[in-house]
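K.L.:
Just a sequence and a predicted model for now, questions to come.
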Amino acid sequence: MKEVSVKELYTSKELKNGQEIEVKGWVRTTRDSKSFGFMELNDGTCFKGVQVVLEADKLKNYADVVKLNVGSTVYVVGEFVLTPENKQPFEIKAKSVEIFQATDETYPIQKKRASVEFLREIAYLRPRTNLFNAVFRVRSVAAMGIHEYFQKNGYVYVNTPLITTADCEGSDQMFKVTTLNFNDLPKTKDGKVDMSKDLFGKQAFITGSGQLHGEALALAFGKIYTFGPTFRTENSNTKTHANEFWMIEPEIAFCDLDGVMDIEEDMLKYVVKYVLDNCPFEMEFFDKFVQNGLIEKLTKLLESKFVRIDHKDVIDILKKADVKWEFEPEYGGDIAKEHEKYITEYFGGPVFIKNWPKDIKAYYMKLNPDGKTVAAVDLEVPGSGELMGGSQREEDYNKIIKRCDEMGVDKNSIDWFLNLRKFGSCIHSGFGMGFERLIMYLTGVDNIRDVILFPRTPNNCDY
């Protein structure tokens, strides 16, 4: 007798009709028709389950088996039977069913459909539902696709520090790290907290970005990428913000703004195709139950050429539009969600918005010859808005020092980063993509809380 997984049932070429096999897993559904019944079994190896046929005259514990509740654990020994004429191409005719553990009526997930809001309250169980099983399986496959893309293209995978003194996003957006006793804080003579008494002898943060350290590595290896957790203190309760999330951040030496847009487009298309190819069952589920037309949308992306347009020209289009905006578009301002949606619909696909006003962008971005804009770019995609943000980095030491002074950046905390401009500097660029934003785009799920197993958002740090 061969023990097999559900995935093997769908993929193996060696299983023969009538072969005796053993499958272990969890009950999804049961149906009783007195003399025979059916059980859907899933073992976690595949999005789909397998149908087990139960016959009352062959199972001593038939009455107990057909009454099993969702989530019960069973070991099934039975005959593998090909059924090409049916919707499911095979089934298992049970010879024995061992009940390892039966759930009861207190099990929170029942046959009726539960809301995503309810399932967030039992996040430790929600991967057992079809929706979240599919979401987290796609998340796993997409992560593999990202690594595969960069590895195939000669990038070095690097691990930048999670605890840092380098302030990339602004210390007001970063969590502070300390070993000091809050009930007995050491003070300086002027009454401030004496950070010299802390473990690191100075203020430290949990990283909001791996970019600064990534630049140092790119100027040694040429092409690098980070893929790991980042943290922001932003007190936002929107569907697209979380306080802990994952980021992909490549940095590329000898690459300008046009080059980094080429890479962003190429990488996104690679990962989308990778998921479509490797998650057919999951994507069919999302297309049917979450976002109708999802597969068509993603397939269209693969075939499209991304539009590239200056920020100023986008504002021109928005101002001419016959739309009453909630937030009026401004030449020196940011672009709101409603603007992102309009622009992607206007062009009928993904749009790179480039050359942004310098006053609303970071100090490390390359100042354009006009002195008013920087070589920054955001990628807007239909249905999700901003998916990636990047820029050509300022490689000139004197210019970046001037930008730091203009924007009130503490140069002492990033002196090593600034020194990169003195020691073998070159044109270089990079971008960041929020992993959860990508998963939302791939699955059609519209809330970031539902693509992270245990989300960390304002007033929510359960589990």
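P.N.:
Yes, it's here. Numbering: from 1, shown residues only.

K.L.:
Can you identify each of the helices in the stretch 101-250 of the chain by residue range?
P.N.:
Counting by DSSP state H, counting those that start in this stretch, one finds helices in the stretch 101-250 of the chain at the ranges 116-120, 130-152, 211-221.

K.L.:
Tell me which of those helices lies nearest to residue 7.
P.N.:
The closest approach between residue 7 and any of those, judged by CB to CB, belongs to helix 130-152 at 11.0 Å. In short, each C-beta sits where N, CA and C put it, glycine included.

K.L.:
Let's have the helices of the stretch 101-250 of the chain in JSON lines, adding mean pLDDT and distance to residue 197.
P.N.:
As requested, those are arranged in JSON lines below (pLDDT from 0 to 100; distance: least, CB to CB, whole Å):
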{"stretch": "helix 116-120", "mean pLDDT": "93", "distance to residue 197": "40"}
{"stretch": "helix 130-152", "mean pLDDT": "97", "distance to residue 197": "40"}
{"stretch": "helix 211-221", "mean pLDDT": "96", "distance to residue 197": "26"}
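
K.L.:
do you know which of the ones you listed lies nearest residue 40?
P.N.:
Comparing those against residue 40 with CB to CB, the closest turns out to be helix 130-152 (11.0 Å).

K.L.:
if we look at the closest one, which residues are touching it?
P.N.:
The set of residues that contact helix 130-152 without belonging to it, under CB atoms under 8 Å, 6 or more residues apart in numbering, is 44, 47, 116, 119, 126-127, 157, 225, 227, 248, 250, 267, 270-271, 274-275, 278-279, 281-283, 285-286, 289-290, 435, 438-439, 442-443, 445, 450-451, 453.

K.L.:
now swap in stretch 25-36 and tell me
P.N.:
Looking at stretch 25-36 with CB under 8 Å, 6+ apart, the contacting residues turn out to be 6, 37-44, 49, 53-57, 65-74, 76, 111, 128.

K.L.:
cutoff 7 Å now
P.N.:
Identification of contacts with stretch 25-36 by CB atoms under 7 Å, 6 or more residues apart in numbering yields 6, 37-43, 49, 53-56, 66, 68, 70-74, 111.

K.L.:
where does the stretch 51-200 of the chain dip in pLDDT?
P.N.:
Of all residues in the stretch 51-200 of the chain, those with pLDDT under 70 make up the ranges 167-171.

K.L.:
can you give me the strands in the stretch 151-300 of the chain?
P.N.:
Ranges of strands within the stretch 151-300 of the chain are 156-157, 163-164, 176-177, 204-206, 223-231, 244-253, based on DSSP state E, counting those that start in this stretch.

K.L.:
Packed most tightly, which of those would that be?
P.N.:
When the strands of the stretch 151-300 of the chain are scored by mean count of other CB atoms under 10 Å, the highest mean neighbour count falls to strand 244-253 (a mean of 22).

K.L.:
other SSEs contacting that strand?
P.N.:
On a contact count with 3 or more CB pairs under 7 Å, 6 or more residues apart in numbering; DSSP states H and E, strand 244-253 meets helix 211-221, strand 223-231, helix 257-278, strand 428-434, helix 435-443.

K.L.:
Convert the second one to PDB, retaining C-alpha atoms only.
P.N.:
Only the C-alpha atoms of strand 223-231 are listed here, as PDB (Å, rounded to 0.1, in the frame of the first residue of the first chain):
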ATOM      1  CA  LYS A 223      23.000  44.100  -8.900                       C
ATOM      2  CA  ILE A 224      21.400  43.100  -5.600                       C
ATOM      3  CA  TYR A 225      17.900  42.600  -4.100                       C
ATOM      4  CA  THR A 226      16.400  42.400  -0.600                       C
ATOM      5  CA  PHE A 227      13.200  40.500   0.200                       C
ATOM      6  CA  GLY A 228      12.200  40.700   3.800                       C
ATOM      7  CA  PRO A 229      10.000  42.400   6.500                       C
ATOM      8  CA  THR A 230       9.800  46.100   7.000                       C
ATOM      9  CA  PHE A 231       7.900  48.200   9.600                       C
END
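
K.L.:
still on that earlier bit, out of the helices and strands packed on strand 244-253, nearest to residue 416?
P.N.:
The closest of the helices and strands packed on strand 244-253 to residue 416 is helix 211-221. By CB to CB, the value is 7.5 Å.

K.L.:
Show me which positions of that closest one end up buried.
P.N.:
Neighbour counts using 16 or more other CB atoms under 10 Å place 211, 212, 213, 214, 215, 216, 217, 218, 219 of helix 211-221 among the buried residues.

K.L.:
Is residue 21 in a helix, a strand, or coil?
P.N.:
The three-state assignment at residue 21 reads strand, by DSSP: H, G, I helix; E, B strand; the rest coil.

K.L.:
let's number from 31 now, not from 1
P.N.:
Okay, residue one is now 31; in that scheme the one you just asked about reads as residue 51.

K.L.:
Assess the claim that it and residue 32 are in contact.
P.N.:
Yes: under the criterion of CB atoms under 7 Å, residue 51 lies in contact with residue 32, with a separation of 5.3 Å.

K.L.:
Quick one: end-to-end distance for stretch 269-279.
P.N.:
As for stretch 269-279, its first-to-last residue distance stands at 22 Å under the measure CA to CA, to the nearest Å.

K.L.:
I'd like to know which of the contacts of stretch 55-66 are part of strands.
P.N.:
Helix and strand membership here follows DSSP state E; of those, those in strands are 67, 68, 69, 70, 71, 72, 83, 84, 85, 103, 104.

K.L.:
Reformat the residues you listed as JSON lines; add neighbour count and distance to residue 173.
P.N.:
As requested, the ones in strands among the contacts of stretch 55-66 are exported to JSON lines (neighbours: other CB atoms under 10 Å; distance: CB to CB, whole Å):
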{"residue": "67", "neighbour count": "21", "distance to residue 173": "39"}
{"residue": "68", "neighbour count": "15", "distance to residue 173": "35"}
{"residue": "69", "neighbour count": "26", "distance to residue 173": "33"}
{"residue": "70", "neighbour count": "18", "distance to residue 173": "28"}
{"residue": "71", "neighbour count": "22", "distance to residue 173": "27"}
{"residue": "72", "neighbour count": "20", "distance to residue 173": "22"}
{"residue": "83", "neighbour count": "17", "distance to residue 173": "37"}
{"residue": "84", "neighbour count": "25", "distance to residue 173": "38"}
{"residue": "85", "neighbour count": "13", "distance to residue 173": "43"}
{"residue": "103", "neighbour count": "15", "distance to residue 173": "28"}
{"residue": "104", "neighbour count": "21", "distance to residue 173": "31"}
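
K.L.:
Apart from its chain neighbours, what residue comes closest to the residue of the chain most remote from its centre?
P.N.:
Within the chain, the residue lying farthest from the chain centre (CA atoms, centre = their mean) is residue 87, at 49.4 Å. The shortest distance from residue 87 to any residue that is not its chain neighbour, by CB to CB, 6 or more residues apart in numbering, is 7.4 Å, and that residue is residue 65.
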